[in-house]
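**Q** following is a predicted model, sequence given first.
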Amino acid sequence: MATGLLGIEGLDRAEIESYLQRAKTFQSHGGNTFKKLDTLRGKMLVNLFFENSTRTRTSFEIAAKRLGADTISIASSGSSVSKGESLVDTLNTLAAMRPHAIVMRHAASGAPHFLARHLETPIINAGDGMHEHPTQALLDALTILDHKPALEGLRVAIIGDIAHSRVARSNIHLLSKFGAQTVLCGPASMLPPDLAKLAPGVVLTHDIREAIDGADVIMMLRVQLERQHETPFPPGDYFRFYGLRPEHLTLTRPDTIVMHPGPINRGREISSEVADSQRSVILNQVENGVAIRMAVLEKVMGAQPA
Amino acid sequence: MSRICIKNGRVMDPATGHDTVADILVADGKIAAIGANLDATGAEVFDATNTIVAPGFIDMHVHLREPGMEHSETIESGGRAAAAGGFTSVCCMPNTSPVNDSGVVTTYIIERARRLSPVNVYPIGAITKGSLGEELAAIGAMKQAGIVAISDDGRPVMNARVMRRAMETAKAFGIPVINHCEDLNLSAGGDMHEGFESVRMGLRGIPACSEDVMVARDILLAEVTGAQYHVAHISARHSVAMVRYAKARGLNVTTEVCPHHFTLADSDILPFDSNYKMKPPLRSCFDVEAVTEGLADGAIEVIATDHAPHPGSEKMQEFERCPFGITGLETAIGLSLEQLVHKGRVSLMRMVEMFTVNPDRVLRLGKGRLTVGGAADITIFDTDRAWTFDINKSLSKSRNSPFHGREFRGGQVASMVNGQFVWRLS
């Protein structure tokens, strides 16, 4: 089995640090005219997205191109998946064309893990169901480190639909490995009690004020309407009890940052004022996404002979 | 006619408590004699030294997939797998295509089995038409055709009123009602046991309470109707406690457990490997302990496999898209010895009881005993031989087992049905 990147849970602190260190060197290009590197020249990346995505897919493509790799992006609607082909067959078909890595997003938790057991080509998980989204957690960590000296000792509030969130799971694992405290907050139906056992330093609350009290970082999550099966929390009540609004920011320290993995739903989980405020680092996250994905692609594909 | 003398085995019959080293002489398909140093003149001798010779094992919960799903299993292949697992009788669930909800389908299964299966096959009929949970199936006609129980296995009867009527009807026809206990509203969308592991893997949970609430409902209905009621594949600790309670109240309530449920917990799942996906799901270690305790103290009296073959094309998928179920016929004895006998949780005699006379007491097949003059259905197994389960050598048509490569201590040696060896260890 080739080494790709399937999740944060299985990484140790040193591996995460090496991704972050490397990504920092790619960050400095931001804002300037970007000079294309040839680190991955002659290498081929396949972007395979079985779920809709704007930022992650574009971000991986830009990262690959900046490193000089050739990329092909495939969406499930335009592929043989819509003709009833099984996931294993689709992946085997693509792997037979000898790409150096496959970036994959899939609605089923564990789909890339399952495939990695049957495939030689390294797989980079761009989000699997409700399970993990490792590059998102890495870029979130990079963004936090742009504003805070270290992750250790931070109090990070993650607010929203935790149960259905792969972003939350990956972030919880990463933050815990670095000794940050994570406060998870959401309505009961989106906050199973077993989350508290996911990693050391995780606490749960249903009260947003308690969650943001003393927080260094507030991460807002989108309500995953597409993953709710039944009896959802009433949408009106949601914004009232779990939407981040300007009055909440007055309860926090002036250096508390607000993050969101996107796409944001203004007026649902976050008010426009907060999303556009000075505290919001949402666009920094997007920008850092490219740097992180460059670091990941370089590591995964660089190890593969061209 | 052929005569076979099974020499020098430890003959164990839980129905009588018989446990001595003895010979069994089989003639004309029947047990002719049981005793020490029987005259084997003219008989084929089977040396059973250092093995256990027991009544033929009964698996009261299997899926043979015929009619309609012959790419997964057939009555013939499932029967061969059963024989290779040390079983001489199996009861097949009605969730075929078409569903066994009429005397015609029951007769078809019985006729096919008579011609093709090396082991005895007893069909279980559906509770409701098409197992849709609405109208009662042709229970009387199926009973006349040969069903031994009714069950909508895999599709629990959600409507309590329908269940009540089913119990009343089954009681009148003298057969038990077997229910797959799962409240479908509580378990909707679930792929594995709800708990820490499901949260960790980002998979939807099937809570233990989805089993418990239906066990509770059914026990209350069994009391109201006076029906004989059997909980299929029990897995949750509160369900075990409620069955224990029902027994204490004197109700005719029984239950079975599958070897995988007393062997594996949710924390043993190889992440996202569909060979660990079944219903009920592998539950917490507390539930594993509770079902084991239930086996030891008598709350649970039957071991059944819920052998559920699925072809690789269906199991080689994303975890949440795979069908539920694993095969189990060929690993049942090995797992029972490993988890129950070798660990000192139940005696060897008690283990044999749970495969023989106990399922017979539930279903009244007239099997599960060593009776002189009775049909020679005999299971021979050993308790110390080291062997490894190789799924690629399985006689089932399907390969979906989490136990491939598992090393066992003791297992099946030979299976005899009506005086003929239908499988022997090679």
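**A** Yep, it's here. Residues are numbered from 1 along each chain as shown, chains lettered A, B, ... in the order given.
**Q** please count neighbours and contacts with C-alpha atoms only from this point.
**A** Will do.
**Q** ok, whichever residue of chain B sits closest to chain A to B:Ser313 distance?
**A** At 4.2 Å from chain A, B:Gly202 is the closest residue in chain B, using C-alpha to the nearest C-alpha. In this view, B:Gly202 and B:Ser313 are 24 Å apart by C-alpha to C-alpha, to the nearest Å.
**Q** neighbour-wise, which of these two wins?
**A** B:Gly202 (22 against 10; other C-alpha atoms under 10 Å in any protein chain shown).
**Q** that one reaches A:Met130, doesn't it?
**A** Yes. Using C-alpha atoms under 8 Å, B:Gly202 is in contact with A:Met130, at 4.6 Å.
**Q** can you list residues touching both of those two?
**A** A:109, A:163-164, A:166 (C-alpha atoms under 8 Å, 6 or more residues apart in numbering or on different chains).
**Q** nearest to chain B, of those residues?
**A** Using C-alpha to the nearest C-alpha, the shortest approach to chain B within the shared contacts of B:Gly202 and A:Met130 belongs to A:Ser109, at 6.0 Å.
**Q** dihedrals phi and psi, the closest one?
**A** phi -60, psi 130 (degrees, to the nearest 10).
**Q** so which residues on chain B come close to chain A?
**A** Residues of chain B found near chain A (C-alpha under 8 Å from any C-alpha of the partner chain) are B:189, B:195-196, B:199-203, B:271-273, B:316-320.
**Q** please redo it, this time with the cut-off set to 7 Å
**A** Contact residues (C-alpha under 7 Å from any C-alpha of the partner chain) of chain B with chain A: B:195-196, B:199-203, B:272-273, B:317-318, B:320.
**Q** buried set for the longest helix anywhere in chain B?
**A** Longest helix in chain B, counting residues (DSSP state H): helix B:208-225. By neighbour count on 16 or more other C-alpha atoms under 10 Å in any protein chain shown, the buried set for helix B:208-225 is B:208-216, B:218-219, B:221-223, B:225.
**Q** how far is it from where the chain is centred?
**A** Remark: helix B:208-225 is offset 21 Å from the chain centroid, using C-alpha atoms, centre = their mean, to the nearest Å.
**Q** sticking with A:Leu115, tell me its helix or strand.
**A** Secondary structure assignment for A:Leu115, by DSSP states H and E: helix A:111-116.
**Q** so that helix, near chain B or not?
**A** Yes. Counting by C-alpha under 7 Å from any C-alpha, chain B has neighbours in helix A:111-116: A:111, A:114.
**Q** show me what contacts B:Phe272?
**A** Residues in contact with B:Phe272, defined by C-alpha atoms under 7 Å, 6 or more residues apart in numbering or on different chains, are A:110, A:114, B:319.
**Q** now swap in B:Ser2 and tell me
**A** By C-alpha under 7 Å, 6+ apart, the neighbours of B:Ser2 are B:27-28.
**Q** confidence score at it?
**A** For B:Ser2, the model assigns a pLDDT of 84.
**Q** over to the one 5 residues further on?
**A** In the prediction, the pLDDT value recorded for B:Lys7 is 97.
**Q** apart from its chain neighbours, what residue comes closest to it?
**A** B:Asp23 (4.5 Å; C-alpha to C-alpha, 6 or more residues apart in numbering or on different chains).
**Q** again, but for A:Val286
**A** In space, A:Val286 is closest to A:Arg55, 7.3 Å off (C-alpha to C-alpha, 6+ apart).
**Q** and that neighbour, how many neighbours?
**A** Neighbour number of A:Arg55 under other C-alpha under 10 Å is 16.
**Q** same question for the one 10 residues further on.
**A** Neighbourhood size, A:Lys65 [other C-alpha under 10 Å]: 19.
**Q** now it: phi and psi?
**A** Residue torsions, per degrees, to the nearest 10, at A:Lys65 are phi -70, psi -40.
**Q** which non-adjacent residue is nearest B:Phe421?
**A** The shortest distance from B:Phe421 to any residue other than its chain neighbours is 5.7 Å, reached at B:Ser415 (C-alpha to C-alpha, 6+ apart).
**Q** revised request: answer the last question for B:Val148.
**A** Leaving aside its chain neighbours, B:Val148 sits nearest to B:Ile124 (5.6 Å; criterion: C-alpha to C-alpha, 6+ apart).
**Q** pretty sure that neighbour is touching B:Gly146, no?
**A** No. Contact criterion C-alpha atoms under 7 Å: B:Ile124 and B:Gly146 do not qualify, at 8.6 Å.
**Q** looking at those two, which is more packed in?
**A** For B:Ile124 versus B:Gly146, the count of surrounding residues by other C-alpha under 10 Å is larger for B:Ile124: 30 against 18.
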